[in-house]
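Novice: The sequence and its predicted three-dimensional model are supplied below.
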2 protein chains.
Amino acid sequence: MSSAAVVGTKGVPRAEREEQIIAVAIDEFAVRGYAGASMVVIARRAGISKPLVYQYFGSKDGLYLTCLHHVAGALLERLELAQLQEDDSVASRVRTLQAVFEALAPQRSAWQLLYDSSMPAAGEIADAARGYQARTAALAASGSERFLRSRGLGSALDASALSAVWMGLVNSLVAWWLAHPDESAEDMTQRCYRLVGAVLG
Amino acid sequence: MSSAAVVGTKGVPRAEREEQIIAVAIDEFAVRGYAGASMVVIARRAGISKPLVYQYFGSKDGLYLTCLHHVAGALLERLELAQLQEDDSVASRVRTLQAVFEALAPQRSAWQLLYDSSMPAAGEIADAARGYQARTAALAASGSERFLRSRGLGSALDASALSAVWMGLVNSLVAWWLAHPDESAEDMTQRCYRLVGAVLG
DNA sequence: ACGGTAAATGACCGCAGGGTAATTAACTTC
DNA sequence: GAAGTTAATTACCCTGCGGTCATTTACCGT
């Protein structure tokens, strides 16, 4: 066995290692939550020891923050782009779902990071999370408001609630997808078309 | 001040204290999650010291278990009752929502306990939680399957996904309700009628 | 009066988990 | 090939938290 893991081995270059760690950490944070995740476990799952993680990311908060930006940055960019092509139709809503599925395809569990309730309530990562949450909420809100207005409802509270429901809907679809790893993003999109058809028809 | 909190005060009778503790604990568990919640904090928020909590509930798991039964028992009883009067109509779905709101009215945050992801994956409380989850899932599933079948779709996977979406929808409505404490259960029910009307109409 | 029991606490233990220091070995460069 | 840098580790510290013990005071039945 060459895996003696001897101290001092100049093995994997930093950038690559960081990617590995981030991938593992995203999954671990998503599954166990911020409070439940352990740095030692993350390190072990990445095949290295704890201090290296600290050397590269500084702290648990630092690592979480990095994961958050890694995940949310790409996702939001994708979603804000998709929003530009939205209209009032139902098909448009499903296309947004499609954008979510495709953006999440490389690492589905990522989604959970954005809304982890065991996150610290104050500090840098709370601010960052709130920022991303606000951006996704703004997307959902503008869509919901437009949708309701086009159907004659103008209540701000109703729009806010519909927005929350929409985000919850996305969330639950992603969660279901996580539990069914064999389904592709394309499968999910088709399924959504079917279901929407059934509910509305 | 009489709140010297002297040791030995035979103050509040056990049953009453347990209620106080449970109320605080449900909220704390709901907000911070199982992993994030601290027994000391729960004790302090209940106005007592940690050992008393242990004397009454044995362990963190014991306390969580008690909270879980406290919450889920009443809720499921209510929901299973409501299911008996369900049919294929949309109004029927909203009535189920109404049952949820009314059952949750005394302590809205309770809902989060059922699906806390930072819960231990094995052991008594995991079993109990899975049991309750299975019962709620069964409710949602039977409703979803009937709904889809009445509209010509028979895929088991589709039904499973719709069931997940339905539960997510309930979840997000409850979460929104939590963030808007001024809204009554009745308000929420009316709001749901309006929104469903807008989406379907 | 008085012994038993119930309510309640401060002080402690052990461990897990975040975080750090000191050190080692491989590559790079001149 | 010496010097510096980089990947990596072991061993440790400290705080916070789950959990326990011994003890104290108030009430209740006899």
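Specialist: Received the coordinates, thanks.
Novice: how close does the residue positioned nearest the centre of chain A sit to chain B?
Specialist: By C-alpha atoms, centre = their mean, chain A has its centre lying nearest to residue A:111, at 2.1 Å. Applying C-beta to the nearest C-beta, to the nearest Å, the value for residue A:111 to chain B is 12 Å. The way it works is simple: take the backbone N, C-alpha and C, and place the C-beta from them, glycine included.
Novice: Not counting its neighbours along the chain, what's nearest that residue?
Specialist: With sequence-adjacent residues excluded and distances taken as C-beta to C-beta, 6 or more residues apart in numbering or on different chains, residue A:111 is closest to residue A:174, at 4.8 Å.
Novice: Would you mind listing the buried residues in the strand or helix carrying the one you found?
Specialist: Using DSSP states H and E, residue A:174 falls within helix A:156-179. Of all the residues in helix A:156-179, those buried under the rule 16 or more other C-beta atoms under 10 Å in any protein chain shown are A:158-178.
Novice: got a list of contacts for that helix?
Specialist: A:97, A:100-101, A:104, A:108-109, A:111, A:115, A:136-137, A:140-141, A:143-145, A:147-148, A:153, A:183, A:188, A:192, B:160-161, B:164-165, B:167-169, B:171-173, B:175-176, B:179-180, B:183, B:191, B:194-195, B:198 (C-beta atoms under 8 Å, 6 or more residues apart in numbering or on different chains).
Novice: just checking, residue A:188 touches residue A:101?
Specialist: Yes: using C-beta atoms under 8 Å, residue A:188 is in contact with residue A:101, at 4.8 Å.
Novice: Kindly tell me how buried residue A:125 is, as a neighbour count.
Specialist: 22 (other C-beta atoms under 10 Å in any protein chain shown).
Novice: Which neighbouring residues are in contact with it, exactly?
Specialist: A:61, A:64, A:65, A:68, A:119.
Novice: Can you tell me which of these is nearest DNA strand C?
Specialist: Nearest to DNA strand C among those: residue A:61, at 6.1 Å, using C-beta to the nearest atom of the strand.
Novice: ok, for the closest one, nearest residue in space, not its chain neighbours?
Specialist: residue A:125 is the one closest to residue A:61 (C-beta to C-beta, 6+ apart), at 5.2 Å.
Novice: what angle separates the helix ranked longest in chain A from helix A:156-179?
Specialist: What stands out as the longest helix in chain A, according to DSSP state H, is helix A:124-149. Computed by axes from the mean of the first three to the mean of the last three C-alpha atoms, to 10 degrees, the angle separating helix A:124-149 from helix A:156-179 equals 110 degrees.
Novice: which SSE is residue A:121 in?
Specialist: For residue A:121, there is no host helix or strand (DSSP H and E).
Novice: Oops, could you answer that again for residue A:75 instead?
Specialist: helix A:60-83.
Novice: In contact with the nearest residue to residue A:82 once chain neighbours are set aside, which residues?
Specialist: Nearest residue to residue A:82 in three dimensions, chain neighbours excluded: residue A:99, at 3.9 Å (C-beta to C-beta, 6+ apart). For residue A:99, the contact set (C-beta under 8 Å, 6+ apart) comprises A:78, A:79, A:81, A:82.
Novice: try residue A:75
Specialist: Counting by C-beta under 8 Å, 6+ apart, residue A:75 has contacts A:100, A:103, A:104, A:110, A:111.
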